[in-house]
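Colleague: got a sequence here, can you model it:
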Amino acid sequence: MQNPITVLFFGSQGAGKGTQVKMLMDYLKSKSDRGIIHIDMGSELRALRDTGTYAGKYTGAVIDKGGRMPDFMPIYLQTKKVTENFTGEEHIVADGLARGREQTMCFDDMISFFNRGEDFQIVSIELSEESVVKRLLARGRNDDTEEGIKNRLGWYKTDVLPQLDLLKSRGRKVHIIDGEPDPETIHKSILAALGI
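Modeller: Numbering: from 1, shown residues only. As a prediction, the model looks like this:
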């Protein structure tokens, strides 16, 4: 694999993004020794919550309700991670970003600023609402209550899905991937879509 890739994953909670991100990163590591900057916003926010700081306390309150974080926090966390770690050579694999217009514009502007706009691709894993609820209740995480799940699905539709159109309007390649099959089949579909 010659060039580093920049991939932003979309998909509602339970669509298998985390599994697919890990499979993609393992694949990339097997093909070269190029580093990977992985931005998993859910993990970043939970890590902030667990610090017990003033910011962490308020972040935890939003997470526990299944709410959407105000844009400033994900923008701060994603910008900090890239600007402090990026040398220009790494792959960038991001998940859980672009939850609203400001976050999307910020991430896209950052990718363009670092001369990675031409290689920037989006993978959107699509899954039925019924499958999402079933999967999330099965994994048993403490913020996966039925109410929390429904809240997150609600703002995913109203706030997140429109970002795909925004990214398309900025000339980004968006790949829609069926999230219903087994993980290996989905992984192969993603590799084919990305052309790697």
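Colleague: the helices in this structure, which residues?
Modeller: For the chain, the helices defined by DSSP state H cover 17-31, 41-49, 54-65, 72-85, 101-113, 129-139, 146-155, 161-169, 183-194.
Colleague: which residues are contacting the last one?
Modeller: Outside helix 183-194, the residues that touch it by CB atoms under 8 Å, 6 or more residues apart in numbering are 5, 7, 16, 19-20, 23-24, 27, 121, 123, 125, 175, 177-179, 181. C-beta coordinates here come from the backbone N, C-alpha and C atoms, glycine included.
Colleague: ok, back up a step: compare the helices of the chain and say which comes out lowest on pLDDT.
Modeller: Mean pLDDT is lowest for helix 146-155 among the helices of the chain, at a mean of 81.
Colleague: okay, buried residues for that helix please.
Modeller: 148-149, 152-153 (16 or more other CB atoms under 10 Å).
Colleague: likewise stretch 137-147?
Modeller: Residues 143-144 are the ones in stretch 137-147 that count as buried (16+ other CB under 10 Å).
Colleague: now the terminal residues of it, how far apart.
Modeller: End-to-end span of stretch 137-147 (CA to CA, to the nearest Å): 11 Å.
Colleague: quick one: residues contacting the nearest residue to residue 121 once chain neighbours are set aside.
Modeller: Distance criterion CB to CB, 6 or more residues apart in numbering; nearest residue to residue 121, sequence neighbours excluded, is residue 173 at 4.7 Å. Contact analysis of residue 173 by CB under 8 Å, 6+ apart lists 120-122.
Colleague: mind running it again at 10 Å?
Modeller: 119-123, 167, 193-195 (CB atoms under 10 Å, 6 or more residues apart in numbering).
Colleague: just these now: which is nearest residue 91?
Modeller: Nearest to residue 91 among the contacts of residue 173 is residue 119, at 9.6 Å by CB to CB.
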